[in-house]
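A.B. asks: Got a predicted structure plus its sequence, pasted below:
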Amino acid sequence: MSEPLVRARDVSKSFQKGRERVEVLHGLNLDITSGDFVALMGPSGSGKTTLLNMLGGLDKPTSGTISVDEQQLERMSSAALAHWRSRHVGFIFQLYNLLPMLSAARNVEVPLLLTPLKAAERRKHVATALEIVGLTDRAAHRPSELSGGQEQRVAIARAIVSDPTLLLCDEPTGDLDRTTADEILELLRALNAEHRKTVVMVTHDPRAAGFAKRTLHLDKGTLINGGAA
Amino acid sequence: MKYAFLVWKNLWRRRTRTILTVLSVLIAFMLFGLLSAFNYAFTIGTDMANANRLVTIHKISLIQPLPISYLQRIRALPGVEDVTHANWFGGYYQDQRNQAPQFPVDAASYLRLYPELELPDAQREAWLADRAGMIVGSALAEQFDWSVGDRIPIQATIWTREDGGRSWEFVIDGIFTMEEGRGGDNFMLFHYDYFNEARAFGEDMVGWYVLRVADSADPAQVAAAIDAQFANSFAETKTSTERAFAESFVQQFGDIGLIVSAVLGAVFFTILLVAGNTMAHAVRERIPEMAVLKTVGFSNGSVLALVLTESIVIAVLGGSVGLGLSWLALESIPAAVSNALPGLFLPPQAIGTGLLYMLAVGVAAGILPALQAGRLTIAEALRRA
């Protein structure tokens, strides 16, 4: 069996809340192979977003190890993690988190600013990403001029423009109506199936989870249907 | 450069706030430019002063005259290489507003003592040979459209003629320039002998002496020897270096440097608060966006640099326009004012200092918000979004 793309071992995470220490994840183990599409479900406060953040190197575990593509994330410095994120991970958020003063194309271009690509090459990559998400005709529009679904498409284009291996989605359809949500989920499925992106998606919606290849359930900081091989 | 659009777009997201901040920086630097020009105009004399020249005036004040007989006694002192003398004339040309300085001087020795005064040889000879002749600075000649050979009537405000008249007529024998450039060549010189013979009072008195000390002599000792020579006489003297003389002259108006520094200090402190407040607001309202930048791979340092650049752009934008406007204002000052205060222009060193101040204001106003942005924890900031 091939080495998993994402491997989490004995991962625990706790936060200090006032005088109280809150443990969010307890000794969690998880394997995700390359090309997988995993839905991560669970009630609010179960630690889904915390786990997603740690898989994407936005946060570090209190104990345990997380490796992505054989890179030990918890050992990396903040600068090294930033560099790693720019090359290997694309993030998609529930509220899109686009930069409001930039056009769709400029929003998509932002991650490419960290690469040595020239302006013309960046424009080419941006055009390709916008074409994949079906928003070529909206390239010059600002987020305030787009619908929620279109904004999320721009966010997806931004997530894939630097061709990362891993897409991490935090409730990507949580703010969309059903029809638009289905379109977004279809797009994610296509990215997984046709572009070989490994997708991890946090969701509350079983219908959304139905688009994934497998679903993991997290409750009180523990995967209840087993995440590791 | 590829980040320029990010900085620019962020600056204009709150158009009114940015414009108001740029305007306040603009006004501060316009004030800086104008005050620097006034400071320079008041101190240009001290800058141009020569360390080897001493000035001897009456101990009581510059207004009190000294006898011409002191000339030989000063010249005879050890360490004195050359001596000349001058008077304040205080006249005007045609209109009282045209009060460019005029000095009756001993022409030959004055030209020897002031080699920085550049005059073509032929004009020099012509002036030395012409008792009623005068030489004028090129700035004045340009302002009044004077040429060599013109007869110029100067109206006296102090020195009436023996015949009771106030009009003194001179022929322009030469037009001089000063090697220091702008602001130094706006005066007129004519012969002391001509003036002394024709004036109604104050005969055989001069305003002050200027002397050059020999290289081997100690200026302080020479100055002390001169003052000792005339101690307990009816006209005691006070001798100082030309620089000290120029500085004490300027001090009559107050400590211009201190006044300028105090005003600018208050202005820049206020600007720092205004620009700092703007940047603090700009960062606070963009915390989720900064978290997104970090999420896609911007390092803490890059985010810090972006915020700091925004702050510096505001300072440089406002500052440059402000300095530019002060330059325009100074260039359009009427000639009558610039003659009364030569050197009233934006000095090149003020531009350099201004640029440094712009960077300093930009960094000082932006550094705390920039550090805040740089230290932002992504997960925490995204939660706030």
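C.D. replies: Arrived safely. Keep in mind that this is a model prediction, so the values were computed, not measured.
A.B. asks: Look up how far B:Arg284 lies from A:Met101.
C.D. replies: According to CB to CB, to the nearest Å, A:Met101 stands 16 Å off from B:Arg284. Just so you know, the C-beta spots here come from the backbone N, C-alpha and C atoms, and that holds for glycine as well.
A.B. asks: now B:Val210
C.D. replies: 63 Å.
A.B. asks: quick one, which of these two is more surrounded?
C.D. replies: B:Val210 (21 against 11; other CB atoms under 10 Å in any protein chain shown).
A.B. asks: Which strands or helices does the helix or strand encompassing the more buried one pack on?
C.D. replies: Element membership of B:Val210, judged by DSSP states H and E, is strand B:208-213. Secondary-structure packing of strand B:208-213 (3 or more CB pairs under 8 Å, 6 or more residues apart in numbering or on different chains; DSSP states H and E): strand B:53-58, helix B:70-75, strand B:80-86, helix B:107-113, helix B:219-229.
A.B. asks: For chain A, list the residues in contact with chain B, please.
C.D. replies: A:50, A:53, A:56, A:58-59, A:78-79, A:82-83, A:85-87, A:91, A:93, A:95, A:97, A:99-102, A:106, A:110-111, A:113-114, A:119, A:158 (CB under 8 Å from any CB of the partner chain).
A.B. asks: Which ones among those lie within helices?
C.D. replies: Of these, the ones assigned to helices by DSSP state H are A:50, A:53, A:78-79, A:82-83, A:85-87, A:106, A:119, A:158.
A.B. asks: what about the residue nearest the centre of chain A, is that helix, strand or coil?
C.D. replies: With distances taken as CA atoms, centre = their mean, chain A has A:Leu168 as the residue nearest its mean C-alpha position (1.3 Å). Per DSSP: H, G, I helix; E, B strand; the rest coil, the local secondary structure of A:Leu168 is strand.
A.B. asks: burial count for the closest residue to chain B within chain A?
C.D. replies: Per CB to the nearest CB, A:Ser86 is where chain A lies closest to chain B, at 2.5 Å. As a burial measure, A:Ser86 scores 21 neighbours (other CB under 10 Å).
A.B. asks: show me the contacts for it.
C.D. replies: A:111, A:114-115, A:162, B:296-298 (CB atoms under 8 Å, 6 or more residues apart in numbering or on different chains).
A.B. asks: do A:Ile132 as well
C.D. replies: Taking CB under 8 Å, 6+ apart, we find A:Ile132 in contact with A:157, A:160, A:191, A:195.
A.B. asks: next one: B:Asp255
C.D. replies: With contact set as CB under 8 Å, 6+ apart, B:Asp255 has no partners.
A.B. asks: repeat for A:Leu112
C.D. replies: Per CB under 8 Å, 6+ apart, neighbours of A:Leu112: A:122, A:125-126, A:161-162.
A.B. asks: By neighbour count, which of these wins?
C.D. replies: A:Val161 (25 neighbours).
A.B. asks: re earlier: quick one: which of the contacts of A:Ile132 sit in helices?
C.D. replies: Reading helices off these with DSSP H, I get A:157, A:160, A:191.
A.B. asks: Just among these, which is most surrounded?
C.D. replies: Using other CB under 10 Å as the neighbour test, the ones in helices among the contacts of A:Ile132 are led by A:Ala157, with 28 neighbours.
A.B. asks: what about residue 225, neighbour count?
C.D. replies: Chain wasn't specified; assuming chain A. 11.
A.B. asks: Actually, chain B is the one I wanted.
C.D. replies: Neighbours of B:Ala225 using other CB under 10 Å come to 17.
A.B. asks: just to revisit the earlier point, mark which of the ones in helices among the residues of chain A next to chain B are buried, thanks.
C.D. replies: Buried residues within those, counting neighbours by 16 or more other CB atoms under 10 Å in any protein chain shown: A:50, A:53, A:82-83, A:85-86, A:106, A:158.
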